[in-house]
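In: could you look at this predicted model? Sequence included:
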Amino acid sequence: MTLYKFGALFLIAGLTLYLTACGTKAIPYAQNTDALEPNEVAIAHYNWGMQSAKNGNFAQAITELKLAIQNEPGWVMPFFTLGVVYGNQGELDKAIKAWERATQLDVNFAKAYYNLAVAYSHKEEKTRSIASLREAIRIDKAALSTAKADPAFERIRNTAEFQTLEQETTPKH
């Protein structure tokens, strides 16, 4: 898969998350908590970062997302989105670092674990990919069916580790 297609997948996934998870309602402090909203400055930078990413201005998006993080370092969404933007640029190590931080801030952030699994798969780090995918599935069982069809996992789908993961998470009848 070319770098462009790889990046486009991250951008589409991130923007889809933003539009479905955040949309017009209040932006959550963390995906799975009812914590107070971030401060207005952080929210403004986050929104400018999202708009810049949508417009394809990734350098500006990175700057704005980093400013959101600087103003509200415990807010998970700018870290997640920063990972999406870095992934879109093919900066996998930076994307991984951002998503790792997102999972530290919200240990039940399934989409961050899933994106980590995709990134590790592209880096051909099978063990880390499977471990991150296992966490995503633990939190959201639908991640397994997504992973079964996701082209990002073509390299590892037929491995014993992936099949074991599949068996561990598939309900017994």
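Out: Noted; the coordinates are in hand. Numbering: from 1, shown residues only.

In: would you map out the domains in the protein?
Out: 1-103, 109-173 (automatic domain parsing).

In: would TSV of these with mean neighbour count and mean pLDDT be doable?
Out: Using the backbone N, CA and C atoms, a C-beta is placed for each residue, glycine as well. Converted to TSV, the domains of the chain look like this (neighbours: other C-beta atoms under 10 Å; pLDDT from 0 to 100):
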stretch	mean neighbour count	mean pLDDT
domain 1-103	18	78
domain 109-173	17	92
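
In: neighbouring contacts of the host helix or strand of N47?
Out: Assigning secondary structure by DSSP states H and E places N47 in helix 40-54. Under the contact criterion C-beta atoms under 8 Å, 6 or more residues apart in numbering, helix 40-54 has outside partners 11, 14-15, 18, 27, 37-38, 58, 60-65, 67-69, 71-72, 75, 77-78, 81-82, 84-85, 88.

In: do stretch 141-161 as well
Out: For stretch 141-161, the external contacting residues (C-beta under 8 Å, 6+ apart) are 1, 9, 110, 113-114, 117-118, 121-122, 124, 126-127, 129-130, 133, 136-137, 162, 165-166, 169-170.

In: filter the residues you listed down to the ones in strands?
Out: Of the contacts of stretch 141-161, none are assigned to strands by DSSP state E.

In: which members of those are positioned in helices?
Out: 9, 110, 113-114, 117-118, 121-122, 126-127, 129-130, 133, 136-137, 162, 165-166, 169 (DSSP state H).

In: thought K94 was touching Y86?
Out: Yes - here K94 reaches Y86: they are 4.1 Å apart, a contact under C-beta atoms under 8 Å.

In: so how far is L144 from the most centrally placed residue in the chain?
Out: Nearest to the geometric centre of the chain sits A112, at 3.5 Å (C-alpha atoms, centre = their mean). A112 is 17 Å from L144, where distance means C-beta to C-beta, to the nearest Å.

In: ok, and the closest non-adjacent residue to the residue nearest to the centre of the chain?
Out: Excluding the flanking residues, the one nearest A112 by C-beta to C-beta, 6 or more residues apart in numbering is A102, at 4.1 Å.

In: who's in contact with the helix or strand where the one you found lies?
Out: Using DSSP H and E, A102 falls within helix 92-105. By C-beta under 8 Å, 6+ apart, the residues outside helix 92-105 that reach it are 10, 30, 74-76, 79-80, 82-84, 86-87, 109, 112-113, 115-116, 119-120, 122-123, 135.

In: roughly how far is it from the heart of the chain?
Out: Taking the mean of its C-alpha atoms, helix 92-105 sits 8 Å from the chain's own mean (C-alpha atoms, centre = their mean, to the nearest Å).
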